[in-house]
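Enquirer: The following block contains a protein sequence and its predicted model.
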Amino acid sequence: MTARPPLPPFTRESAAEKVRLAEDGWNSRDPHQVSLAYSPDSRWRNRAEFFSGREAIVAFLTRKWDRELDYRLIKELWAFGDDRIAVRFAYEWHDDSGNWFRSYGNENWEFDSEGLMRVRFASINDLPIEEGERKYRWPLGRRPDGHPGLSELGL
């Protein structure tokens, strides 16, 4: 198993770095690559789905990004402890009929000593938006460094 720095115990700076690395990974929309940030037996709750393990993570993310098109995400550090981080996030996407949404939520993360996430609990709500209300317009992939975060966008 390969360590995924930054490692616990977290400081404000290392927790913020971990959050940005997670955001970058999810914005890649590569389920296999994203799954490597999680322990092999990682436990998840995402909305009303409960599952564990990297195979289940890959399957979940594949379904997610097949449905949530042009997905762009911003995460922001909310709180942290020795081996835990809480984030708030918002992402924009559209369905195959062209209906746009902004999904808001919170995640609670717990890490093992190698920096792999062993627990992820996510609560998410979807808000229908018009295309003109979108705030995330960077090219698909990593959010540019100069792009505002959630707080700067008033989200």
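Expert: In hand now; what should we look at?
Enquirer: If you count contacts, what does the helix ranked longest in the chain end up packed against?
Expert: Assignment by DSSP state H gives helix 12-28 as the longest helix of the chain. Judged by 3 or more C-beta pairs under 8 Å, 6 or more residues apart in numbering; DSSP states H and E, helix 12-28 is in contact with helix 31-35, strand 69-80, strand 84-94. Glycine gets a C-beta too; all of them are placed from N, C-alpha and C.
Enquirer: Could you rerun that using 6 Å?
Expert: Packing contacts for helix 12-28, counted by 3 or more C-beta pairs under 6 Å, 6 or more residues apart in numbering; DSSP states H and E, involve strand 69-80.
Enquirer: and the strand it packs on, what does it pack onto?
Expert: Helices and strands touching strand 69-80, by 3+ C-beta pairs under 6 Å, 6+ apart, are helix 12-28, strand 84-94.
Enquirer: any idea which of those is most buried?
Expert: strand 84-94 (a mean of 20; mean count of other C-beta atoms under 10 Å).
Enquirer: Residue 67: neighbour count?
Expert: 11 (other C-beta atoms under 10 Å).
Enquirer: The closest residue to it other than its chain neighbours and residue 131: what is the separation?
Expert: Nearest residue to residue 67, sequence neighbours excluded (C-beta to C-beta, 6 or more residues apart in numbering): residue 95, at 6.8 Å. Separation of residue 95 from residue 131 (C-beta to C-beta, to the nearest Å): 12 Å.
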